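Engineer: task: produce atomic coordinates for the following.
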Amino acid sequence: MATIDDPDDGPAAGQDPTEESLEVLVAELTEAVEVLHLVRERAQGVLHRRARGESYSDILRSTKRPFIAETLARTMGELAEAGSRYRRAQVRALRAEGFSVPDIAVLFGVTRQRVSALLEERRDPG
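Structural biologist: Here you go, the predicted structure:
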């Protein structure tokens, strides 16, 4: 079993990949909340303009990019990636703590095969 203090078998001293991935996730969530507030304001603006009778083509032509859908897609993709990194790190941490693959599968509500795939996926560089 890997320990934090064993540089040959685990993370470098003082590093916890799971904690680091959670910190990244928190940062992504914080940024996403801010972006989503702005997207909501823009969407409300579109609704207001539509209520005044403007066409979607006129609204889009006068709107600076990125458009609402582009911003949402990018933000959701970034959140999904950060969440996936955290999930992989959690699975690896649980396995290092002695949890069996079937126990991890039950905990996450996935198949044993999915847990094995998460354990085999490339390690994130950071």
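
Engineer: run a quick neighbour tally on residue 60.
Structural biologist: The tally of other residues near residue 60 (other Cβ atoms under 10 Å) stands at 12. All C-beta atoms are positioned from the backbone trio N, CA, C, and that covers glycine.

Engineer: remind me what the helix or strand that contains it packs against, helices and strands.
Structural biologist: For residue 60, the host element (DSSP states H and E) is helix 56-61. Packing contacts for helix 56-61, counted by 3 or more Cβ pairs under 8 Å, 6 or more residues apart in numbering; DSSP states H and E, involve helix 17-51.

Engineer: how far off centre is the helix holding residue 60?
Structural biologist: In terms of Cα atoms, centre = their mean, to the nearest Å, the gap separating the centre of helix 56-61 from the centre of its chain is 32 Å.

Engineer: and the helix or strand following that helix, what does it pack against?
Structural biologist: Downstream of helix 56-61, the next assigned helix or strand under DSSP H and E is helix 68-96. Using 3+ Cβ pairs under 8 Å, 6+ apart, the elements in contact with helix 68-96 are helix 17-51, helix 101-108, helix 112-120.

Engineer: and of those, who's closest to residue 70?
Structural biologist: Among the helices and strands packed on helix 68-96, the nearest to residue 70 by Cβ to Cβ is helix 17-51 (10.1 Å).
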